[in-house]
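J.: Fold the stuff below for me.
(2 chains)
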Amino acid sequence: MATPNLKDILGKLKYSDDAKVVQQITEQMKAVKGRMAAVRHKLVVMSGKGGVGKSMTTVNLALAFARQGHKVGVLDVDLNGPCVPQMLGMRGQRFIITPDGAIPPVGPLGMKIGSMDFFLDELSPVRWKGPMDLSPVWLGLMEMNVLREFIADIAWGEVDYLLADLPPGAAADKPPVIAGFIPDLDGAIVVTTPSAVASDVVRKSIAYARDLGIKVLGIVENMSTYRCPQCGTESELFEGDTEAMCRALDLPLLGRIPFDRTLAQSFDKGVPLIDGDYPTLKRYDEIVNRIKTLVDYKKIMATQL
Amino acid sequence: MKFVCMKCETYMNFEKVEKPAEGSLGVFFGCPSCGARFTMVTNPGETQMVSSLGVQLGGRTVDAQPFEMTRGGLRAEGEGQAEMANYLKEHYSEKPAAAPAPAEGEKKTGGCPFSAVVAQMGLGASTTAGASTTSEFEWTPDALERLEKTPSFVRPMIKGGVEAYARKHDYKKITLQVMDDSKNATEGLPWAPAAEKRLENIPDFIRPMARREVERIAQERGAAVVTEAIMDEAKIKFMNFM
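T.: So this is what the prediction gives:
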């Protein structure tokens, strides 16, 4: 007897999802969309380069939004190196798990914070159970689903601005993919330093994000200058021209932030400076005003042109 | 994933899932036509791959709980990481390390360690590679220095833009002023005075974006000048987004 042709057989059959896998994945996506619907504006802070100050920028932009009276959430998406709770003096806090979602701890100025750190003991690294815990393929799959839980399961309540602090990475890494998870994303804020090395990698991450259809709102230049607390001299940390990069990429330069040792130390100690009169914090306030203008660009064009 | 009964030429039905051993799944399928049944058995690694999708084969019997994968998947103390935690505790001091005595060289820098580090990194020295290639224009040293500070990947574009501007205005020498002027020059369509005035209603930070957007619409319409009528069109377009 001739072996039946599989292609012909499948052509006659109707597929059914009787293991209910597709149904569950669809429900997961619906949960993400439903949860994010309550958040008015969603922003991600990213950079192709590590060490440029993404978390510092995220937290300070969030604080600036909060200072302006907005309800703010911060999602620390760096699963393996969460540092937002430390910066805000919130180590050791935990989510409160309820049937309606995980209630996030509340930090300075009423900001709600979601972080992997809230699941970890003080010195514990992130380690997963099971025989596949060291398999890169499995880890990638697992981490993406854990990220999905972070987006879908936190009960943010009413939030005006949710800022997600993405892990470092450029073209082949996760950040732009993570950003793509967030429905109705308002855009990405890209952090760089004026160094040639950073700007080259950052450019690649912007290209990748744009390929995925993620709107890049603009660039924040961090560590623009350094003011020596001893001699008062303001020096350039790097020789570079972020403004030129912005022009080349057709992106606005949202602002320049100097390296401020006093501010950095306050976050290191978990006792952040939040006084809006502090000069460096005023710069974050200005950046936030520009971000708000960009987020409302279409509305402004429709009403004011 | 589906299984086909080749004898009956039909999909086999998913029936149930059992756990025959720790970390293993037995997934049962049956043919609705001939009644043949078989079981697919997974090893612990395969089981974990399936569970990391966040789904349960055959559907859920209870609702998903917040962070169930995260909470269920994390290794707790005593599951292999206690040793590492103890090691870190032993070697980790809460007290800040005593500052090392300044080296001889640092004393001579006038107490600004950061400046010394910057100097050591050689950041004060500029590089000339890539900027001073052959050009029909004479670049002044300060203009050339500014060009050299731009990221290498945008340098040719900036150089080309400045030189195109200089060529257009019949300049022979490129100075900092020429660079600034070229940056501020608008190379787009001409604007009617009333349209230009109306553009000022847009906050200055996003005005360049608005200008480009309106010019794009004007070009689509084949207009040679941006007028208020073109701006009305742009406004309607954005109102439709709201």
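J.: Contact partners for residue B:170?
T.: Contact analysis of residue B:170 by C-beta atoms under 8 Å, 6 or more residues apart in numbering or on different chains lists nothing. The way it works is simple: take the backbone N, C-alpha and C, and place the C-beta from them, glycine included.
J.: measure it to chain A for me?
T.: Remark: distance between residue B:170 and chain A (C-beta to the nearest C-beta, to the nearest Å) = 24 Å.
J.: quick check, that residue in a strand?
T.: No: read with DSSP: H, G, I helix; E, B strand; the rest coil, residue B:170 is coil and lies in no strand.
J.: Please report the distance of the residue located most distally from the centre of chain B from residue B:2.
T.: Taking C-alpha atoms, centre = their mean, the residue of chain B most remote from its mean C-alpha position is residue B:34, at 54.6 Å. Here the criterion is C-beta to C-beta, to the nearest Å. By it, residue B:34 lies 17 Å from residue B:2.
J.: repeat for residue B:10
T.: Remark: distance between residue B:10 and residue B:2 (C-beta to C-beta) = 10 Å.
J.: Ok, residue A:298 next?
T.: Residue A:298 is 45 Å from residue B:2, by C-beta to C-beta.
J.: Strands along chain B, start to end?
T.: B:4-5, B:10-11, B:13-18, B:26-30, B:37-41, B:138-139, B:173-174 (DSSP state E).
J.: In the fourth one, which residues are buried?
T.: Neighbour-count burial for strand B:26-30, counted by 16 or more other C-beta atoms under 10 Å in any protein chain shown, picks out B:27-30.
J.: In chain A, what residue spans correspond to strands?
T.: Using DSSP E, strands in chain A cover A:39-46, A:72-76, A:96-98, A:101-103, A:112-115, A:159-165, A:187-192, A:216-227, A:234-236, A:253-259.
J.: If you average pLDDT over each of these, which is lowest?
T.: Lowest mean pLDDT within these: strand A:234-236, a mean of 81.
J.: now check that one, is it near chain B?
T.: Yes: against chain B, strand A:234-236 shows contacts by C-beta under 8 Å from any C-beta of the partner chain at A:235-236.
J.: Show me what that strand pairs with in its sheet, parallel or antiparallel.
T.: Sheet pairing of strand A:234-236 (DSSP bridges) gives strand A:216-227 (antiparallel).
J.: Same list (the strands of chain B) but as a markdown table, adding distance to residue A:138.
T.: Converted to a markdown table, the strands of chain B look like this (distance: least, C-beta to C-beta, whole Å):
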| stretch | distance to residue A:138 |
| --- | --- |
| strand B:4-5 | 28 |
| strand B:10-11 | 29 |
| strand B:13-18 | 20 |
| strand B:26-30 | 19 |
| strand B:37-41 | 19 |
| strand B:138-139 | 56 |
| strand B:173-174 | 57 |
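J.: Out of the ones you listed, the one nearest residue A:254 is which?
T.: Closest to residue A:254 of the strands of chain B, according to C-beta to C-beta: strand B:173-174, at 29.1 Å.
J.: Can you narrow the buried residues of strand B:26-30 down to the ones near chain A?
T.: Applying C-beta under 8 Å from any C-beta to the buried residues of strand B:26-30, those adjacent to chain A are residue B:27.
J.: which one of the buried residues of strand B:26-30 is nearest chain A?
T.: Taking C-beta to the nearest C-beta as the measure, chain A lies nearest residue B:27 of the buried residues of strand B:26-30, at 7.7 Å.
J.: residues in contact with that closest one?
T.: Per C-beta under 8 Å, 6+ apart, neighbours of residue B:27: A:19, B:14, B:16-17, B:39-42, B:57.
J.: And the pLDDT at residue B:212?
T.: Reading off the model, residue B:212 has pLDDT 86.
J.: Going by neighbour count, which residues of stretch B:141-150 are buried?
T.: B:143-144, B:146-150.
J.: Show me where the stretch 101-250 of chain A dips below the pLDDT cut-off.
T.: A:169-174, A:176, A:232 (pLDDT under 70).
J.: Kindly recompute the last result at 50.
T.: Along the stretch 101-250 of chain A, the model assigns pLDDT under 50 to residues A:171-172.
J.: what are the ranges of the helices in it?
T.: Per DSSP state H, counting those that start in this stretch, the stretch 101-250 of chain A carries helices over the ranges A:136-153, A:175-181, A:196-211, A:242-249.
J.: With distance to residue A:10 and mean neighbour count as added columns, please give these in CSV.
T.: Below are those laid out as CSV (distance: least, C-beta to C-beta, whole Å; neighbours: other C-beta atoms under 10 Å in any protein chain shown):
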stretch, distance to residue A:10, mean neighbour count
helix A:136-153, 27, 19
helix A:175-181, 31, 22
helix A:196-211, 34, 20
helix A:242-249, 47, 21
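J.: Same list, these, but as JSON lines with distance to residue A:9 please.
T.: Below are the helices of the stretch 101-250 of chain A laid out as JSON lines (distance: least, C-beta to C-beta, whole Å):
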{"stretch": "helix A:136-153", "distance to residue A:9": "31"}
{"stretch": "helix A:175-181", "distance to residue A:9": "36"}
{"stretch": "helix A:196-211", "distance to residue A:9": "39"}
{"stretch": "helix A:242-249", "distance to residue A:9": "52"}
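J.: Out of these, the one nearest residue B:212 is which?
T.: That would be helix A:242-249 among the helices of the stretch 101-250 of chain A, by C-beta to C-beta, at 12.5 Å.
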